[in-house]
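In: Sequence first, predicted coordinates after that:
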Amino acid sequence: MPARPILVWFRRDLRRSDHAALTAACEAGGPVIPVFICDETVEDMGAAPKWRLGLSVDRLDRDLRAAGSRLILRRGPALDVLRALVAETGAGAVHWTRTYDPQAIARDTDVKAGLKDDGTEARSFPGHVLFEPWTVETKQGGFYKVYSPFWKAVKSRDVAGLLPAPSMPAPESWPDSDRLEDWQLGAAMRRGAGVVGDFVTVGEAAAQDRLDGFIEDRIAGYSEGRDLPAEDRTSRLSENLAWGEISPARLWHAGMRAREDDSGRGPETFLKEVVWRDFAYHLAYHTPRITTDNWREEWEAFPWKTDERLKEIRAWKRARTGIPFVDAALREMYVTGHMHNRARMIVASYLTKHLMFHWKVGMDWFADCLIDWDPASNAMGWQWTAGSGPDAAPYFRVFNPITQREKFDPRRVYVDRWIAEGRARPDRLALRYFEAVPESWGLSPEDAYPDPVVTAEDGRRAALEAYEGRSF
């Protein structure tokens, strides 16, 4: 008898190559039906990531059609949708790639149990991270809470080889599919989509080209150049990693090859950044509270501000704090959907330490605005800067946004690129900020640039006073 179809449930793994779940399904001998579900994990996304996800889903469908397949789209709770598709297609199994944030784990646990109760095989596969979270343990048998020993524990481990895109055996007939445009995944972006759309790099082929270009042209100087926001020195692959258009294993193997050819620090620094993402998921798996609460419980009593009606947070969100480095970074995010990593630290430090707002306010704002939003990396990054997370920056480290600009943007190239007010001939990118943000903000490049809502000196002093006498 012919083998029964297998449903391959795509999530944050929107690619064909180096996809263990897809490869196993294609090798089973029966038809393969790729599926994407607009479930609660998608519905809950912020404006920019949901819009960017839609672009990736559309690109994957095009790639699958070119290979003689297609992507079936359905909306609703994942288990309900999969059960309906099993009934419609006669599928005997469902495959997917594991993810490790708390919301995904809860959903996948229910899905696997429900399918097995129905007699449908449910198999999950690796591929979202380099090292499965439960496979990396300290000598005492626990999980790692500090990055440096985590890196030392995994840096010499073997990473599985890359899988080619498999041949796609199609069913005799396809189940019905929703139309992607009916989902309106980009509705909340409003006019911002027309601006940010000029800066996205979508799909598996484009991601691989981006990696190749980085390895060839920039990885050698990555260690020194990655902190310079005005220069094109980073890979920008976080956008593609976020949606699984490229696998972390492909980045790892490319970085390892570059390290063999280059005795400098660039390739290893790049590899450490890939593993830093793994560390974020390691922590999200072992301590899921990192995505919602202070990882260090002693921070629960800290007097964070949370009232988003206050003028300070409104100024921060609108990139009008009066601190040029902070405002430039936020404007980069509104125009491109991305923010340079050094700038992210400064923006987060200013919010949590100078303005004394809860890191969750910033984390949620980034989750609405970033096209490379990642639940584990976003949470760990904010808690690292705030001081409340594992392996965090010391609570008394308060980044000075003035001296940081002088060190990493000494000629003000980055600041001038993104700030228009007060300049006779502002950069075109600086003007695009006013095209991207909500009209209701009432902003114009003709406005005067604001005075600081909190100066670097006053903010640092207030932060240290708040920390004084506390046990951190």
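Out: Thanks, I have it.
In: three-state assignment of residue 231?
Out: What DSSP: H, G, I helix; E, B strand; the rest coil gives for residue 231 is coil.
In: So it sits against residue 221, correct?
Out: No. Using CB atoms under 8 Å as the test, residue 231 is too far from residue 221 to be in contact (9.4 Å). Heads up, the C-betas are built off the backbone N, CA and C, glycines and all.
In: Residue 96 should be in a strand, yeah?
Out: Yes. Under three-state DSSP, residue 96 sits within a strand.
In: Phi first, then psi, for the spatially closest residue to it that is not a sequence neighbour.
Out: Distances taken as CB to CB, 6 or more residues apart in numbering place residue 9 nearest to residue 96, at 4.2 Å, with adjacent residues excluded. When quoted as degrees, to the nearest 10, the phi and psi of residue 9 stand at phi -90, psi 110.
In: Same question for residue 28.
Out: phi -70, psi -20.
In: tell me the pLDDT at it?
Out: What the model reports for residue 28 is a pLDDT of 96.
In: Nearest residue to residue 242 in space, please, no chain neighbours.
Out: residue 372 (4.6 Å).
In: which residues does the one you found contact?
Out: 238, 239, 241, 242, 337, 338 (CB atoms under 8 Å, 6 or more residues apart in numbering).
In: how does it look with 6 Å?
Out: Listed by CB atoms under 6 Å, 6 or more residues apart in numbering, the contact set of residue 372 reads 238, 239, 242.
In: measure residue 131 to residue 285 for me?
Out: 11 Å (CB to CB, to the nearest Å).
In: Equivalent analysis for residue 13, please.
Out: With CB to CB as the criterion, residue 13 and residue 285 are 17 Å apart.
In: Residue 304 now?
Out: The value you get for residue 304 to residue 285, if CB to CB is used, is 26 Å.
In: repeat for residue 300
Out: From residue 300 over to residue 285 (counting by CB to CB), the distance is 22 Å.
In: the more surrounded of the two?
Out: Set side by side, residue 300 and residue 285 show more neighbours around residue 285, with 21 against 10, by other CB atoms under 10 Å.
In: mind giving me the domain ranges of the protein?
Out: Here the domain assignment for the chain is 1-127, 129-159+190-286, 297-467, based on automatic domain parsing.
In: re earlier: go through the contacts of residue 372 and give me the one with the most neighbours.
Out: residue 239 (26 neighbours).
In: Contacts only, for that one.
Out: With CB under 6 Å, 6+ apart, residue 239 has these contacts: 371, 372.
In: hang on, it is in a helix, isn't it?
Out: Yes. Applying three-state DSSP, one finds residue 239 inside a helix.
In: Secondary structure class of residue 144, three-state.
Out: Reduced to three states with three-state DSSP, the structure at residue 144 is coil.
In: re the thing from before, nearest to residue 178 among the domains of the chain would be which one?
Out: With respect to residue 178, and counting by CB to CB, the nearest of those is domain 1-127 at 4.2 Å.
In: Within the helices and strands, which one has residue 222?
Out: helix 222-225 (DSSP states H and E).
In: mind exporting that helix as PDB, just the C-alpha atoms?
Out: Extracted in PDB, the C-alpha atoms of helix 222-225 (Å, rounded to 0.1, in the frame of the first residue of the first chain):
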ATOM      1  CA  TYR A 222      33.800  41.800  12.700                       C
ATOM      2  CA  SER A 223      35.300  41.800  16.200                       C
ATOM      3  CA  GLU A 224      36.400  45.500  15.900                       C
ATOM      4  CA  GLY A 225      33.700  46.700  13.600                       C
END
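In: Quick check: buried residues in that helix?
Out: By neighbour count on 16 or more other CB atoms under 10 Å, the buried set for helix 222-225 is 222, 223, 225.
In: Now do residue 21 against residue 344, distance only.
Out: Applying CB to CB, the value for residue 21 to residue 344 is 32 Å.
In: what does residue 337 give?
Out: From residue 337 across to residue 344, the span is 13 Å (CB to CB).
In: More neighbours: the two, which one.
Out: Ranked by neighbour count (other CB under 10 Å), residue 337 and residue 344 place residue 337 first, with 26 against 21.
In: Ignoring the adjacent residues along the chain, who's closest to that one?
Out: Sequence neighbours aside, residue 371 is the residue nearest to residue 337 in space, at 3.4 Å (criterion: CB to CB, 6+ apart).
In: what pLDDT does the closest residue to residue 284 other than its chain neighbours get?
Out: Once flanking residues are discounted, residue 284 sits nearest to residue 376: 4.1 Å by CB to CB, 6+ apart. Model confidence at residue 376, expressed as pLDDT, equals 97.
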